[in-house]
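Colleague: Okay, sequence plus prediction incoming.
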Amino acid sequence: MKSKYRIRFLLVSSTLIVLIAGFIKPVDRTHFLDTSYYHKAQEKLDSLKNHSSTSQPSQLEAGWAKTNITPDYATPLSGYGSRKGALSTGVHDSLWARGFIFKNHDEKIAFVTLDALLIPPTVTYQLMKRLPSIGYDIHHVYLTATHTHCSVGAWGTSWIGGKFAGDFDQKIVNQLASSILDVIMQAEKNLEPAIIGYAEYDAPELVTNRLVGKDGIIDPWFRVVKIQKKSGSSALLTTFAAHATCLSEEEYRFSRDYPGALVDSLEALENIEFAAFAAGGVGSHRPESGGYGQFDRINWLASSLTKKVHHESINLKEKSRMKMVLMTIPLREAHWRFSENWRFRPWVFKWFIEDSPQYITAFRIGNIVFSGTPCDFSGELIPEIKNGIPANDIHLIVTSFNGGYVGYITKDCWYDIKGYETFIMNWYGPYNGQYFVNMIRKIVNIIIA
């Protein structure tokens, strides 16, 4: 009898072990330099380098436009899972898509930023199909977002997408994609000869490292690109590293958060017709409070950043080289960790997440280079990227949310901190920080060669 129970116990135990083994496995801590995905990335870089051509500087043309993307009916807000998909209750300030067209003798490239948590992958996939209808493709459209946590949701098709953006609504995806197409076409209609320049303003008092505080570093620079048309009208394209989270999860109205107030404030400057904002290295940064709460904090941040801008003194150039590249980057298999060294198997993760593009974009216009990332990218990594770019006259601007989403990319030394950014949302680690630094450096060096 005891033998029978012992056999049953062994069978049940063996079955449980097999089932558990099917769901979990150790965290793969192979350094990225020793992985197959890194070698595939190197092959892609070699191909990109071999097919890259250098153009001569030529006359720049530029145009800009915006279109309202605020839904005319209640939708879930995106940004905070604690809202649990609740519907919006109204509009505090409207949401916009803002776009630029840059054109010279060799290239025509669109730059679009949405007042949104991110550019949803569902929207990117639709754009890939629809852009050719207006004479573009995804390789000539640079995408980014302001990262406000009070924008339209309903664009995620997975369990995770639903947690952060509520129940899926195809109409929202269609509207966002159509708005991006519309703003590109509007901007192209007002192309004019233009000149362009760059400035950066130190603002360490307005941003802090939300991940590790003073144990880490901050990216303190308010980066500003000025474009001035021959007719005299001017625009400012700006980035900053502070998360757009002045508004809490208790705000259920649509709002652009501090990037919206900043854009409005910049457009009130003398001789500035148009302004736009893109989220920079927000992956480990939050805005300082200044002792204010909610909307007062928004206004303090916007006015403080605006006061730093002296756009009249920005040196502007007439002729520019232009180039944009988009490279899909191989990654380690995605996973969720439930302890420091154990994770659910990748197939479990894929069951909960929607498919997403995973590429890095780089856009050169003169000596200004934008690099777009498919993630919440940490500003702590930007100095490391710049140190690997030997050309001293290149102004690098790294932005987040370029149309794909692969979670948070932070410094590798923080990988085992049990925090939201490093533990819950670091889906493809470890060593992703240095991997992205490595990839961005090499792609930027290719397009500036």
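Modeller: Sure, I can see it. For clarity, every value in this text was computed on a predicted model and none was experimentally measured. Numbers count the residues shown, from 1 in each chain.
Colleague: burial measure for Ile134, as a count.
Modeller: 13 (other CB atoms under 10 Å). (C-beta placed from N, C-alpha, C; glycine too.)
Colleague: Do I have it right that it meets Ile180?
Modeller: No: at 10.0 Å, Ile134 does not count as touching Ile180 under the criterion of CB atoms under 8 Å.
Colleague: so what's in contact with the two at the same time?
Modeller: Shared contacts of Ile134 and Ile180 (CB atoms under 8 Å, 6 or more residues apart in numbering): none.
Colleague: next one: stretch 203-212 to chain centre, how far?
Modeller: How far stretch 203-212 lies from its chain's middle: 18 Å, per CA atoms, centre = their mean, to the nearest Å.
Colleague: before we move on, what about stretch 256-268?
Modeller: Mean-position distance between stretch 256-268 and its chain equals 19 Å (CA atoms, centre = their mean).
Colleague: average pLDDT for the host helix or strand of Tyr37?
Modeller: Element membership for Tyr37, per DSSP states H and E: helix 36-50. Averaging pLDDT along helix 36-50 yields 94.
Colleague: After that helix, heading C-terminal, what element do we hit next?
Modeller: Downstream of helix 36-50 (by DSSP H and E), the next one is strand 58-59.
Colleague: Give the other helices and strands that that following strand contacts.
Modeller: Packed against strand 58-59 by the contact rule (3 or more CB pairs under 8 Å, 6 or more residues apart in numbering; DSSP states H and E) you find strand 319-320.
Colleague: Hey, what's the angle from the following helix or strand past the strand it packs on to helix 36-50? Just curious.
Modeller: Going down the chain from strand 319-320, the next helix or strand is strand 322-328, by DSSP H and E. Comparing the axes of strand 322-328 and helix 36-50 via axes from the mean of the first three to the mean of the last three CA atoms, to 10 degrees yields an angle of 160 degrees.
Colleague: hmm, back to that, name the surrounding residues that touch the helix holding Tyr37.
Modeller: Residues contacting helix 36-50 (CB under 8 Å, 6+ apart): 32, 325, 327-332, 435, 439, 442-443, 446, 449.
Colleague: In it, which residues are buried?
Modeller: In terms of neighbour count (16 or more other CB atoms under 10 Å), helix 36-50 has its buried residues at Tyr38, Ala41, Lys44, Leu45, Leu48.
Colleague: Quick check: of those, which lies closest to Ala194?
Modeller: Nearest to Ala194 among the buried residues of helix 36-50 is Leu48, at 28.4 Å by CB to CB.
Colleague: if I look at the closest one, how far off is Gln42?
Modeller: To Gln42, Leu48 is 11 Å away according to CB to CB, to the nearest Å.
Colleague: do the same with Ala279
Modeller: 29 Å.
Colleague: And for Leu211?
Modeller: Distance, Leu211 to Gln42, using CB to CB: 30 Å.
Colleague: need the helices for the stretch 201-350 of the chain, in chain order.
Modeller: 257-267, 294-307, 346-352 (DSSP state H, counting those that start in this stretch).
Colleague: correct me, but Thr361 touches Lys323?
Modeller: No: the criterion here is CB under 8 Å, and Thr361 misses it with Lys323 at 11.4 Å.
Colleague: When these two are compared, which one has more neighbours?
Modeller: Higher neighbour count among Thr361 and Lys323: Thr361, with 24 against 20, using other CB under 10 Å.
Colleague: okay, the angle between the helix or strand containing that one and strand 322-328?
Modeller: Take DSSP H and E as the rule and Thr361 turns out to sit in strand 359-365. Between strand 359-365 and strand 322-328, the angle comes out at 170 degrees (the same axes, to 10 degrees).
Colleague: Starting from strand 359-365, tell me which strands it pairs with and how they run.
Modeller: Sheet partners assigned to strand 359-365 using DSSP bridges are listed as strand 322-328 (antiparallel), strand 368-372 (antiparallel).
Colleague: For the shortest one, output the C-alpha coordinates as PDB.
Modeller: What follows is the C-alpha trace of strand 368-372 in PDB, where atoms were taken according to Å, rounded to 0.1, in the frame of the first residue of the first chain:
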ATOM      1  CA  ILE A 368      22.000  67.800 -35.800                       C
ATOM      2  CA  VAL A 369      21.300  64.100 -35.300                       C
ATOM      3  CA  PHE A 370      18.100  62.700 -33.800                       C
ATOM      4  CA  SER A 371      18.100  59.100 -32.600                       C
ATOM      5  CA  GLY A 372      14.700  57.500 -32.000                       C
END
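Colleague: which ones are touching Asp202?
Modeller: Pro220, Trp221, Phe222, Lys308.
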